[in-house]
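Novice: could you look at this predicted model? Sequence included:
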Amino acid sequence: MKCSKCGCEDSQIINEVKMTGKDFSASKGCCGFILAGPIGILCGACGEGKQTKNIQYWVCNNCGRKWRA
């Protein structure tokens, strides 16, 4: 892949990972414990929706410009 900024053909692909959401909710875990006992603690992990997103970019090794193909 050729860089449009400097014209160099020395570039490589990198992968960026972005994560959103939470792993565990302490408030949901406490409420679950009060309502359902020890098994209710598992409710703290329910419905939090942790998501990962992978984005691939080309990076020029000469000038450092980053772009998506």
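Specialist: Right, received. Where do you want to start? Residues are numbered from 1 along each chain as shown.
Novice: buried set for the helix or strand of the chain with the lowest mean pLDDT?
Specialist: Using mean pLDDT, DSSP states H and E, the weakest-scoring helix or strand in the chain turns out to be helix 26-36, at a mean of 74. For helix 26-36, the neighbour count (16 or more other C-beta atoms under 10 Å) marks 28-29, 32-33 as buried. Just so you know, the C-beta spots here come from the backbone N, C-alpha and C atoms, and that holds for glycine as well.
Novice: for Cys3, see how far away the nearest residue to Lys2 once chain neighbours are set aside is.
Specialist: Distances taken as C-beta to C-beta, 6 or more residues apart in numbering put Glu9 closest to Lys2, at 5.1 Å, once the chain neighbours are dropped. To Cys3, Glu9 is 8 Å away according to C-beta to C-beta, to the nearest Å.
Novice: tell me which of those two has more neighbours.
Specialist: Higher neighbour count among Glu9 and Cys3: Cys3, with 19 against 10, using other C-beta atoms under 10 Å.
Novice: mind listing what's buried along whichever helix or strand comes after the least confident helix or strand of the chain?
Specialist: Downstream of helix 26-36, the first helix or strand assigned by DSSP states H and E is strand 51-60. Neighbour counts over strand 51-60 (16+ other C-beta under 10 Å) mark 58, 60 as buried.
Novice: many thanks, have a good one.
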